[in-house]
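Colleague: structure here, sequence nowhere to be found:
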């Protein structure tokens, strides 16, 4: 990270804490680490900002710029039986469907 950089942590997708190998850089190079919670932004954003952001996110997924790995699909009726095994399949998402 260059001087005056910002490291924004979104959500808790990783089970491990971020590694800070040289904490002095936060002090001497004016670097920042901050958290971001979508719900706080959602409370403050106007309806127009929300709609523009939603459209931009959808377009990134449609174009393939963003993607998410789905390792399993589980029917809601079978969730108690199948979900434990599906969660063992890897780091991707498990989709619950009707």
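Modeller: Done, it's in. All figures in this text were calculated on a predicted structure; none of them were measured in a lab.
Colleague: distance of the residue of the chain most remote from its centre from residue 1?
Modeller: Distance from the C-alpha centroid of the chain, by CA atoms, centre = their mean, peaks at residue 28 (29.4 Å). Distance, residue 28 to residue 1, using CB to CB, to the nearest Å: 13 Å. Using the backbone N, CA and C atoms, a C-beta is placed for each residue, glycine as well.
Colleague: walking through the chain, point out its strands one by one.
Modeller: 6-10, 32-36, 70-75, 93-97 (DSSP state E).
Colleague: the last one: how far from the chain's middle?
Modeller: Put plainly, it is strand 93-97. 16 Å (CA atoms, centre = their mean, to the nearest Å).
Colleague: start at 12, not 1
Modeller: Sure, I'll start numbering at 12, so the last one becomes strand 104-108.
Colleague: now do that strand against strand 81-86: the angle between them, please.
Modeller: With axes from the mean of the first three to the mean of the last three CA atoms, to 10 degrees defining the directions, strand 104-108 sits at 20 degrees from strand 81-86.
Colleague: could you do the second one as well?
Modeller: Angular relation of strand 43-47 and strand 81-86 on a 0 to 180 degree scale: 20 degrees, by the same axes, to 10 degrees.
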